[in-house]
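Trainee: Please work out how this folds:
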Amino acid sequence: MGKRQAKVLFVDSSILMAGGQHSLIEILKCLDTSRFLPVVCAPARSDLRAKCDELAIRWEPLPFESECPGPGACAHMLWRVKDLLNSARGVVYLTDLIRRTGAGIVHANNFKAALVAAPACTLSGRPLVFHDRVHITHGALGHMVALNAAWIIAVSDTVAMKFGDRYAHKVRVIPPGIDTARFKPTGSAGGSGLICYVGRISEEKGLARMVECAPAVLEKVSDARFVMAGMPCTDRDSAYLSGIERKIQATGLKNKFEFPGQIEDVAALLEQTDVFVLPSVREPLGRVMIEAMLMEKPVVAFDAGGPSEVIVHGRTGLLAKPGDTDSLAENITKLLQDSALRREIGKEARKSVIHRFSNRVVAESIMDVYERILQGMESPQGDKPGWPEA
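Mentor: Just a heads-up that it's a prediction; the model follows:
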């Protein structure tokens, strides 16, 4: 395998540090720069800039960012026009940036970035790697990106399945990498009845189900507490959070729920947690779920999507029937009432994910994709290094 250095241009359209952006940082931290020299292109307001500065990685501003339309048909139409204009600017800019940086590979870290990067790669004659982290198909635009991508990296089988047989030859499943040294349990905390969720505050994360199951949990474990950590990213998310707070107020459980907002030290919060809950039914994977497992915390999730690929029910976590809040409550209660079971499942959970999701293991798989691109190799169907069996 050749060891010549190639420049990789990473493109991301988000201004916030969500799961995909944290995963990108883990790739950058472990990239072998003797083989691949990274350049990151992200919006001027992106939090990625400070992270790149810390890692001494070249950063370039992207005149384009992910946005969501406001309410109302008129606002939606204006957003569409603005989005098209910004996309066109982004394509022109990226095409020139690829030339200026001498990038040999372009790695789009999310779908909106891929929409801009795909035509820029076609114009510049450079291969595109599309890193897909969501289960949404994106319709015709999704086909356009998949058609123009040299390779597609899917974070789970759930994400990979949406591409079907048509694009199977270019899809490779590689999970997000996590700095396992940051998520190392001390065994000195827990036991206070803390039930925790960490992530984006949005409707698709199913937080209403966590509220719905709370009365049944509290009936059996009266000192239980619920923490929902994270921030809404759009106006729609903020409206959803307001609805959740009203729902809690109506049930008279306001003193049982905490909303601490964005958490910088996730490991510290997880250390205090007894049960981590991921209440979304359609979940591509669940990065913080893996972090909780690394901290030896038992996870309760629905038996669907990414969690069903990672958790072995009764051994490394508990899976509830999809959408069934009674089943969710039963599993949470079972763990809160049995500290020995929590410890047993927590230890097995860490052992099952520590190698599979190591940032170094994942980065090697990413770099193998780059090497294959440079050598003109396709991905064999079913080829999933970076996702070994538990």
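
Trainee: Could you chop this protein up by domain?
Mentor: Annotated domains of the chain cover 6-177+358-374, 194-353 [automatic domain parsing].

Trainee: Any idea which of the ones you listed has the lowest pLDDT on average?
Mentor: Within these, confidence is poorest for domain 6-177+358-374, with a mean of 89 (mean pLDDT).

Trainee: Let's see the distance spanning that one from one end to the other.
Mentor: Start-to-end span of domain 6-177+358-374 (CA to CA, to the nearest Å) is 9 Å.

Trainee: what residues are up against the residue lying closest to residue 153 once chain neighbours are set aside?
Mentor: Among residues not flanking residue 153 along the chain, residue 131 sits closest, at 4.7 Å (CB to CB, 6 or more residues apart in numbering). Quick note: C-beta positions are derived from backbone N, CA and C, even for glycine. Residue 131 makes contact with 20, 107-110, 153, 155 under the criterion CB atoms under 8 Å, 6 or more residues apart in numbering.

Trainee: Can you give me the buried ones in the host helix or strand of residue 362?
Mentor: Using DSSP states H and E, residue 362 sits within helix 359-374. Using 16 or more other CB atoms under 10 Å as the test for burial, helix 359-374 gives 359, 361-374.

Trainee: hang on, the earlier thing: list the ones among the contacts of residue 131 that fall in strands.
Mentor: Here DSSP state E is the test, and these give 107-108, 153 as lying in strands.

Trainee: and of those, the nearest to residue 139?
Mentor: residue 108 (17.5 Å; CB to CB).

Trainee: Tell me what that closest one is bridged to.
Mentor: With DSSP bridges as the criterion, residue 108 is bridged to residue 11, residue 130.

Trainee: Quickly note the distance from it to residue 232.
Mentor: 25 Å (CB to CB, to the nearest Å).

Trainee: Pretty sure residue 221 sits against residue 330.
Mentor: No - look at residue 221 against residue 330 with CB atoms under 8 Å: they stay out of range, at 12.0 Å.

Trainee: And the strands in the protein?
Mentor: Assigned strands in the chain, in chain order: 6-11, 36-43, 58-62, 105-108, 128-132, 151-154, 171-173, 194-198, 225-229, 257-261, 275-278, 299-302, 318-320 (criterion: DSSP E).

Trainee: Now do the second one: everything it contacts.
Mentor: For strand 36-43, contacts defined as CB under 8 Å, 6+ apart pick out 5-15, 24, 28, 31, 48-49, 52, 57-65, 94, 97, 101, 103, 105, 367, 370.
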